[in-house]
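coords below, sequence missing:
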């Protein structure tokens, strides 16, 4: 899909980009869902440990997510303005940066892993399992960094079918690995709980090999892709201006979830049950995020292309249409999921208390999904424009200033159970969506684009 924005109608552009990315996110969801399902078949302790470490992995991937946002913004804007060579240099520069950062982070994280586990307040009964998971996932960081950014490069070029195939490969291999290595199926060794992280390593590694091949095959990965020092001095500042607020927002967001896990793990009543429910509930809830994230990525691509051409009104219009399209879809999906909540909870856990708490969690968070979708989709507009500081302020600020204090107050002081935490999540999402929509509607986020920067420097 290499059409320029003028060649097809906005609604068609949105759908042609959104549906493959929605499918891609569905396969991403399946990876996590199957992980949780297999963990639940092993034990609730394995399931709780996996939840903590999976959330920790998101925290470790912050740098990659930050630079993937920067890659989408810089590459899509460059291609929109017809600067193909500049886009190619941003591909090479971003891959260099994230691989180096991934290796360094792996080393530091491995050395400090015991301090991290203590900070997470991991319950003693699941400490050994959690420790093993953390060590394996830390080794995965450099590969995961390249996987995330290479997918972002294809999305920025509107080649959305390549990351879809990549995610299909990862899902298939992860599923085979989860069942095969955890239960000793198909001639694979029976590793028990230890099989889950090794399945992830194998699946991401194979999917990354496919991405690297496709980058090379499409002419975006060879010696000339990596820019000289003089170009880096000129091109890096804008990439950094997009990446650092995105990175800080990811720090605020994922560290907030780590704190939320800690708040849940230390609840005065039924803390292990609540922790297992939070782990499983997040996986089920994430199916409603699929179109939201897909439309977030679609908005970032199209807004970046329009702003690369200096078409501010076109960027605002396509951003609004993408939001309307995406929110309508997720509201329909949320309504459809409501009647299946008890059945899904029963699949994820056979324990009655955990099952009931999963149901409780899902009812609160399904109610929040229109607000969650609004923040996610319009956040994609800001990514495409390079205005990632708006996401940092509205989303990062809300989780720390509203969600966490309220979760502690309601979970530990007022209700003294998990319901207080779930209610705090709903309230914070309403406030967050209101802030993001206000920024989209009333702030000039287009001023952070490369085109606007160039115009300013000329004046």
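Received it, and whenever you're ready, just let me know what you need. Since we're looking at a predicted model, the values are computed, not measured. Numbers count the residues shown, from 1 in each chain.

show me the contacts for residue 181.
188-191, 194-196, 198-199 (C-beta atoms under 8 Å, 6 or more residues apart in numbering). Heads up, the C-betas are built off the backbone N, CA and C, glycines and all.

Quick check: which element contains residue 187?
Assignment of secondary structure by DSSP states H and E places residue 187 within no helix or strand.

Out of the contacts of residue 181, which is nearest to residue 368?
The shortest approach to residue 368 among the contacts of residue 181 belongs to residue 196, at 28.9 Å (C-beta to C-beta).

just to revisit the earlier point, list only those of the contacts of residue 181 flagged as buried.
188, 191, 195-196, 198-199 (16 or more other C-beta atoms under 10 Å).

Please convert those to CSV, extending it with secondary structure.
Compiled in CSV, the buried ones among the contacts of residue 181 are given as follows (DSSP: H, G, I helix; E, B strand; the rest coil):
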residue, secondary structure
188, coil
191, coil
195, helix
196, helix
198, helix
199, helix
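
Please identify which pair of those lies farthest apart.
The distance between the two most remote of the buried ones among the contacts of residue 181 (C-beta to C-beta) is 12.9 Å, for 188 and 196.

got a list of what residue 198 touches?
Neighbour list for residue 198: 136, 177, 181, 191 [criterion: C-beta under 8 Å, 6+ apart].

So which of those residues are in strands?
Among the contacts of residue 198, DSSP state E puts none in strands.

Could you tell me how many residues sit around residue 187?
6 (other C-beta atoms under 10 Å).

What are the phi and psi values at it?
For residue 187, the backbone dihedrals (degrees, to the nearest 10) come out as phi 80, psi 0.

for the one 3 residues further on, same thing?
For residue 190, the backbone dihedrals are phi -90, psi 100 (criterion: degrees, to the nearest 10).

Could you do the one 4 residues further on as well?
In this entry, residue 194 is assigned phi and psi values of phi -70, psi -20 (degrees, to the nearest 10).

Spell out which helix or strand contains the residue nearest to it when sequence neighbours are not counted, please.
Nearest residue to residue 194 in three dimensions, chain neighbours excluded: residue 132, at 6.3 Å (C-beta to C-beta, 6 or more residues apart in numbering). For residue 132, the host element (DSSP H and E) is helix 127-156.

buried sites along that helix?
Buried, per 16+ other C-beta under 10 Å, within helix 127-156: 129-130, 132-134, 137-138, 140-156.

for the record, mean pLDDT for it?
Averaged over helix 127-156, pLDDT sits at 88.

Repeat that for stretch 71-88.
Here the average pLDDT along stretch 71-88 is 88.

Return the distance of that stretch from the chain's centre.
Taking C-alpha atoms, centre = their mean, to the nearest Å, one finds stretch 71-88 lying 23 Å from the centre of the chain it belongs to.

likewise stretch 372-389?
Relative to its chain's centre, stretch 372-389 lies at 13 Å (C-alpha atoms, centre = their mean).

ditto for stretch 316-326
With C-alpha atoms, centre = their mean, you get 20 Å for stretch 316-326.

residues making contact with that stretch?
5, 10-11, 13-15, 18, 291-292, 294-296, 298-299, 302-303, 306, 373-374, 377-378, 380-381, 384, 440, 446.

Sort out for me which of these are in helices.
10-11, 13-15, 18, 291-292, 294-296, 298-299, 302-303, 306, 373-374, 377-378, 380-381, 384, 440 (DSSP state H).

Double-check residue 76 against residue 309; I have them as touching.
No: counting by C-beta atoms under 8 Å, residue 76 stays clear of residue 309, with 10.9 Å between them.

who's more crowded, these two?
residue 76 (28 against 17).

would you turn the contacts of residue 198 into CSV with distance to residue 59?
Shown next, in CSV, are the contacts of residue 198 (distance: C-beta to C-beta, whole Å):
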residue, distance to residue 59
136, 16
177, 23
181, 25
191, 25
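
Out of the residues you listed, flag the one nearest to residue 344.
residue 177 (23.4 Å).

can you count the residues close to that closest one?
Residue 177 has 23 neighbours, counted by other C-beta under 10 Å.

any idea how far residue 385 lies from residue 189?
49 Å (C-beta to C-beta, to the nearest Å).

what's the answer for residue 416, then?
Residue 416 sits 44 Å away from residue 189, going by C-beta to C-beta.
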